[in-house]
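Colleague: Here is my input, please return the structure:
(2 chains)
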Amino acid sequence: MDAKRRLMCMAGTILLAASLAACHSGSGTPSAGASTKLDGTGKTLDVFMGANTIYPTQQKQWFNDVAAKFKAETGANVTFETFASANDELTKIQTSVLSGQGPDIYLLGTTFTPTAYATGAFLQLSADDWKKVGGRDRFLPATLGISGPDNDHQVGIPFASRPFVMAYNKDLLAAAGIDKPATTWDGLRDQAKKLTANGVYGLAIGYADGFDPWKFVWAMDVQAGNPVVDGKKARIDDPTSLTAYKTYLGWLANDKVVDPAAVGWKNAQAIAAFGAGKAAFLPMVSGSSKVTLDKSAVAGKYAYALMPTIPPGATSLPKGGVAAASILSGDNIVVAKYSKNKDLALALINMVTTADSQDAYYKTFGDLPTNADEAKKLQSDPALAAIVDSAGKSKGTPFNGAWSQVQLALLNVVVQSIPDLSAGKVDEGKLKNLLSQAQSTAQSALDKTQ
Amino acid sequence: MTTGAGGNTPVPVSRRPETAAAEPVGAAQGKRSTAGDAVAGGLTTPAAVPEAQPARKSKRGRGVTRRQRPLWMLAPGGTLMTIVIVVPLAVALYISLLDLDQYTFREWTSAPFKGFANYLEAVRSADLVHSIVISVSYALLVTVITLPIGVAAALATQNAFAGRGLVRSVFLVPYVLPAFVTGTVWHIILQPGGVGNLLLGHLGVPNGLWLNGPRSFWALVIVQTWASWPLIYLLTLAGLQSIDVTMHEAAALDGAGWWAKLRYVILPHLGGPISLGLLISFLHNVNNFTLPYVLFGVPSPHDVEVLPVLTYVESFQNFRFGLAAAMAVWSLALIAIPLAVYLRVVRLDVGSDESQRRARR
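Modeller: The predicted model follows:
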């Protein structure tokens, strides 16, 4: 009976939510205060963000600090709610949007921002709103790349940046006579081949991860000049995609530079393998891997570099190719349209995106700042150079309400290729078949975009 | 009787078969009061369901006639049932007729009406048919496999022996573990290079992929069997307890051996609990979401793309809420089949004419 119950719960929530929404739409939001000094006494802002599993106690401390500071500034209380997974986040957004009540402020992953935008449930920032959060100029231009479809329709305020880079084992590279990581995917493959010996593999790849695979494919596609989503047209069955998948899967199947067990690895297991010194390169990790790696056997022996930006089969960026070093990754802050405390919410966002706040946040959690002044300061730190560099060279994934579906279709190709991969082969016929399936799934999702 | 309850919702005609079929089992499974059946039945299908009540009454054979039953006393339960079951079901049915997605869900009542297009799309997509096949075949397999294990375990712990309490508790461990935990643990065991492959390697089974590809189906069967056999065990044990001791004594006096005792004394008494166990087990397997979700993740490998996971992906990953609701309704219809069979078999729904016939005899 579970499915039925689940269905009912869902329907029940929706129904209750809908009736609540109806109540709310009548009451309307209080007009924006005319006075410049905000008085939030007696009001409460609710903030919804991901639980930080690496620094749980620090996060709690940060919540307290922010709340205390905001209380001193405006007299308003701030409460924080956390979610454990993207699914929790999505469910919360769905129920809140339907009921018209819930958190005032959400922190969203960058790739989810287009979907959130498509719901129309979040505040589009007017010029005046931007002023209230400290102005657009406060932020690194690249980090604004996935805040909205264009400058006039932005919902996301960049809060933290987590660009992807590649970690490499300095000792292993030196021993193989490689002075620096390759900047082309072909070059990386050749270096990896050289480094694969004695139980050590060239690359550590999480083939079973729920996100990593599509990021590789997207990057290689974009570099080859295929944006994957071109206006309202999906381009997954493009030859560049086939090449991307063949390259990505071929590392294990043909080049044998990845541990065969990696067909079952998620990102964390790839990090663990690299941390144990069993792989020379670890592509597609963010700066947060530093915490794990600094406690591992390779502490002090590894460094970060940009991932290759020249697509497979090429020695230079082809015409139309974009040298994307990473997807534009991190967190955006959005304000719910139903919030009755819009100005207070913007004031809070203003407070947490100042250079000082971002400095404190970076020092505690390792996420790069989106504040331009603060980011400039970090550029001089050699340990961070590659990550900061990647932040500037990150490209936003297509800003389309159907992106989540496209992303899932891209991922599904890898999931369904795992059995072949495990048998040590990449079947081009099957791969083409999967790509055309993904293409039609993605296209029908894009057809529905409004 | 049904004032508060019936007035609230316009009840689409198409809902009737589901409610009629689903209600009595709700009662059987969850030991909900039979009042619920009668009310829900009385609400919606005046003809088919409420006969369970008169059947019982006529057996008692006196007192209140059908007309005089104080049905208004069922109103509180009926109202609750309406709020908890009928209204949400009606909403879900309504949603299944809408083109509800991420673009429209903010004002879902004004989402475009699609009629039965979602149902057609669901049936036409190869995914739904494929996942129904997967779901049903895996559920049947698990049900069949758990039957002998559960019965054997119940028989083994029927007679008192030192440490029986402990063994009985241990038997329940797989059942009381949250599916999330079971899934996570088995995921670790079964991953490439994990303990599972290591052990199988010692037994001469070649290493392989258990969490994707053809073997993943068997992984699902094995793990679900492990997690669900105690249900059959529990119900069988309950059935065994209800067999009078004197039956055993009489059989022993007649010189029946253990096999004869099992075959002619015990098993005939277990028919009821076991068939109930099989039914619940099958439904539970068909509807199992957490285990395949945790074991294999989404998007699901093709060989284990079960119905609940597919529905989940459609609604919460692809945001096709209308389509997913239609899929859920299809799965409800699917579940109604074994239910109907079960109700036939245990005759919970014997028609009034039959009970009257019996009464006349």
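
Colleague: Can you tell me which residue of the stretch 101-250 of chain B sits closest to chain A?
Modeller: Relative to chain A, the nearest point of the stretch 101-250 of chain B is B:G213 (3.1 Å; C-beta to the nearest C-beta). Glycine gets a C-beta too; all of them are placed from N, C-alpha and C.

Colleague: Quick check, pLDDT for that residue.
Modeller: B:G213 carries a pLDDT value of 90.

Colleague: per-residue confidence averaged over stretch A:361-380?
Modeller: On average, stretch A:361-380 scores 87.

Colleague: Restrict that stretch to CA atoms and write it as CSV.
Modeller: The C-alpha coordinates for stretch A:361-380 follow below in CSV (Å, rounded to 0.1, in the frame of the first residue of the first chain):
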residue,chain,number,x,y,z
TYR,A,361,32.9,32.1,5.6
TYR,A,362,35.8,31.2,3.4
LYS,A,363,38.1,30.7,6.4
THR,A,364,35.6,28.5,8.1
PHE,A,365,34.2,26.4,5.3
GLY,A,366,36.7,26.7,2.4
ASP,A,367,34.1,27.8,-0.1
LEU,A,368,35.4,30.6,-2.3
PRO,A,369,33.9,34.0,-1.9
THR,A,370,31.7,35.6,-4.6
ASN,A,371,32.6,39.0,-3.3
ALA,A,372,34.9,40.6,-5.9
ASP,A,373,37.2,42.4,-3.4
GLU,A,374,37.6,39.3,-1.2
ALA,A,375,38.3,37.0,-4.2
LYS,A,376,41.0,39.4,-5.4
LYS,A,377,42.7,39.0,-2.0
LEU,A,378,42.7,35.2,-2.3
GLN,A,379,44.2,35.2,-5.7
SER,A,380,47.7,35.8,-4.2
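
Colleague: Give me the residues contacting that stretch.
Modeller: A:52, A:54-55, A:58-59, A:61-62, A:137-141, A:143, A:158-163, A:287-288, A:290-291, A:330-331, A:352-355, A:358-359, A:384-385, A:387-388, A:391 (C-beta atoms under 8 Å, 6 or more residues apart in numbering or on different chains).

Colleague: Show me which residues of it are buried.
Modeller: Of all the residues in stretch A:361-380, those buried under the rule 16 or more other C-beta atoms under 10 Å in any protein chain shown are A:361-362, A:365-372, A:374-375, A:378.

Colleague: The host helix or strand of A:V334 vs chain B: in contact?
Modeller: Secondary structure assigned from DSSP states H and E places A:V334 in strand A:330-335. No: looking at strand A:330-335 against chain B by C-beta under 8 Å from any C-beta of the partner chain, there are no contacts, and the closest approach is 13.9 Å.

Colleague: any idea which helix or strand comes after that strand?
Modeller: Note on strand A:330-335: by DSSP H and E, the next helix or strand toward the C-terminus is helix A:342-352.

Colleague: Which neighbouring elements make contact with that following helix?
Modeller: Counting contacts by 3 or more C-beta pairs under 8 Å, 6 or more residues apart in numbering or on different chains; DSSP states H and E, helix A:342-352 is packed against strand A:44-50, helix A:56-74, strand A:105-109, helix A:127-132, strand A:157-161, strand A:330-335, helix A:355-365.

Colleague: Which neighbouring elements make contact with the second one?
Modeller: Yep, that's helix A:56-74 we're talking about. In terms of contacts (3+ C-beta pairs under 8 Å, 6+ apart), helix A:56-74 is packed against strand A:77-83, helix A:342-352, helix A:355-365.

Colleague: distance between it and the chain's centre?
Modeller: Relative to its parent chain, helix A:56-74 has a centroid offset of 25 Å by C-alpha atoms, centre = their mean, to the nearest Å.

Colleague: for that helix, what is the average pLDDT?
Modeller: The average pLDDT within helix A:56-74 is 93.

Colleague: Only alpha carbons, please: show that helix as CSV.
Modeller: Provided in CSV are the C-alpha atoms of helix A:56-74 (Å, rounded to 0.1, in the frame of the first residue of the first chain):
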residue,chain,number,x,y,z
PRO,A,56,28.6,20.7,11.4
THR,A,57,29.7,22.5,14.6
GLN,A,58,31.2,25.4,12.7
GLN,A,59,28.0,25.7,10.7
LYS,A,60,26.0,25.9,13.9
GLN,A,61,28.4,28.6,15.2
TRP,A,62,28.1,30.5,11.9
PHE,A,63,24.3,30.4,12.3
ASN,A,64,24.5,31.8,15.8
ASP,A,65,26.9,34.5,14.7
VAL,A,66,24.8,35.6,11.8
ALA,A,67,21.7,35.6,13.8
ALA,A,68,23.3,37.7,16.6
LYS,A,69,24.7,40.2,14.2
PHE,A,70,21.5,40.6,12.3
LYS,A,71,19.6,41.0,15.5
ALA,A,72,21.9,43.8,16.5
GLU,A,73,21.6,45.5,13.2
THR,A,74,17.8,45.2,12.6
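
Colleague: So which bits of it are buried?
Modeller: A:59, A:62-63, A:66-67, A:70, A:74.

Colleague: quick check: angle from that helix to strand A:77-83?
Modeller: Interaxial angle, helix A:56-74 versus strand A:77-83 (axes from the mean of the first three to the mean of the last three C-alpha atoms, to 10 degrees): 150 degrees.

Colleague: Can you pull out the residues in contact with helix A:56-74?
Modeller: Against helix A:56-74 from outside (C-beta under 8 Å, 6+ apart): A:38-41, A:45, A:51-52, A:76-80, A:82, A:344, A:347-348, A:351-352, A:360-361, A:364-365.

Colleague: Could you do stretch A:422-430 as well?
Modeller: By C-beta under 8 Å, 6+ apart, the residues outside stretch A:422-430 that reach it are A:242, A:245-246, A:249-250, A:252-254, A:260, A:263, A:417, A:420, B:192, B:208-209, B:212-213.

Colleague: ok, 6 Å please
Modeller: With C-beta atoms under 6 Å, 6 or more residues apart in numbering or on different chains as the test, stretch A:422-430 has contacts from A:246, A:249-250, A:253, A:263, A:420, B:209.

Colleague: Quick check: the gap between B:P308 and chain A.
Modeller: 6 Å (C-beta to the nearest C-beta, to the nearest Å).

Colleague: out of everything not next to it in sequence, what's closest to B:G183?
Modeller: Once flanking residues are discounted, B:G183 sits nearest to B:V294: 2.9 Å by C-beta to C-beta, 6 or more residues apart in numbering or on different chains.

Colleague: Counting by contacts, list what the one helix or strand that neighbour maps to packs against.
Modeller: If you go by DSSP H and E, B:V294 is part of helix B:290-296. On a contact count with 3 or more C-beta pairs under 6 Å, 6 or more residues apart in numbering or on different chains; DSSP states H and E, helix B:290-296 meets helix B:179-190.

Colleague: now the helix or strand immediately after the helix it packs on in the chain against helix B:179-190, angle please.
Modeller: Downstream of helix B:179-190, the next assigned helix or strand under DSSP H and E is helix B:195-202. In terms of direction (the same axes, to 10 degrees), helix B:195-202 departs from helix B:179-190 by 40 degrees.

Colleague: Sort out which residues of helix B:195-202 are buried, please.
Modeller: So for helix B:195-202, counting by 16+ other C-beta under 10 Å, buried means B:196-197.

Colleague: repeat for stretch A:287-299
Modeller: For stretch A:287-299, a neighbour-count test (16+ other C-beta under 10 Å) marks A:287-290, A:292-293, A:296, A:298 as buried.

Colleague: Where does pLDDT dip in chain A?
Modeller: Applying pLDDT under 70 to chain A flags residues A:1-37, A:86-87, A:450.
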